[in-house]
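Engineer: Just a sequence and a predicted model for now, questions to come.
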Amino acid sequence: MRLLLLRCVTLLCIPGAVAATQAHAAHPEPAGAAPAPPATKLQEDQRRMDPRAYPLGKVRRIALSSPRFFDADGKPCATQPAPARITERYVRNFLRQAFPVSQVAVMNDYGSFGECTSDNVDVQFTDGRQVRLSFAADSGVGYLSPVIKGKEEDVYFYYCEACKR
């Protein structure tokens, strides 16, 4: 299994799951390990329905590509959210206060339609792991993708009520 997924039930993580995930991150599978079989349709549907947590850690570095929000065509948003910029402080606050939500919850409950999103923000943790974040301009939703060997792997959805713009 390439990524160890955590299940969260009613926003409370299963005890020990974070430690198990951190141990997995510290001891990746050997290079000759067979890749995980493709997920079935039922497994894919379950992934969309369940909130999944990525093990966050202490932040070493944050790299902002651009502090602004853009629409799907790459143009600045017609109406900029207030404040109109993503800052290192905003990213740190988001990582501290956000909690995992499901993809279905993002679409149905949090009103994030991806019409305006931030440019990518690269975050490196002190243990060497790296993630790429982007933020929806209208909802307090963040999209987190682990970066492994320079490629984004998977997507985790987070929500932060206090970070809502």
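Structural biologist: Sure, I can see it.

Engineer: And what about Cys163, helix, strand or coil?
Structural biologist: Here Cys163 is recorded as coil under DSSP: H, G, I helix; E, B strand; the rest coil.

Engineer: List the buried residues of the longest strand along the chain.
Structural biologist: Longest strand of the chain, by residue count under DSSP state E: strand 141-148. Buried residues in strand 141-148, counting neighbours by 16 or more other C-beta atoms under 10 Å, are found at 141-147. To be clear about C-beta, it is placed using only N, CA and C from the backbone, and glycine gets the same treatment.

Engineer: Over to stretch 117-134?
Structural biologist: Going by neighbour count (16+ other C-beta under 10 Å), the buried part of stretch 117-134 is 117-118, 120-121, 123-125, 129-134.

Engineer: now what about the longest strand of the chain, what contacts it?
Structural biologist: Applying C-beta atoms under 8 Å, 6 or more residues apart in numbering, the external contacts of strand 141-148 come out as 2-3, 54, 94, 98, 101, 106, 110, 112, 117, 122, 129-136, 152-160, 163.

Engineer: What's the mean pLDDT across stretch 158-165?
Structural biologist: For stretch 158-165, mean pLDDT is 81.

Engineer: Export that stretch to PDB, keeping only CA atoms.
Structural biologist: Presented in PDB, the C-alpha positions along stretch 158-165 are these (Å, rounded to 0.1, in the frame of the first residue of the first chain):
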ATOM      1  CA  TYR A 158      -9.700  20.000   4.800                       C
ATOM      2  CA  TYR A 159     -12.100  22.600   6.200                       C
ATOM      3  CA  CYS A 160     -11.400  25.500   8.500                       C
ATOM      4  CA  GLU A 161     -14.300  27.500   9.800                       C
ATOM      5  CA  ALA A 162     -12.000  30.200  11.400                       C
ATOM      6  CA  CYS A 163     -10.100  30.500   8.100                       C
ATOM      7  CA  LYS A 164     -13.200  31.100   6.000                       C
ATOM      8  CA  ARG A 165     -12.800  34.100   3.800                       C
END
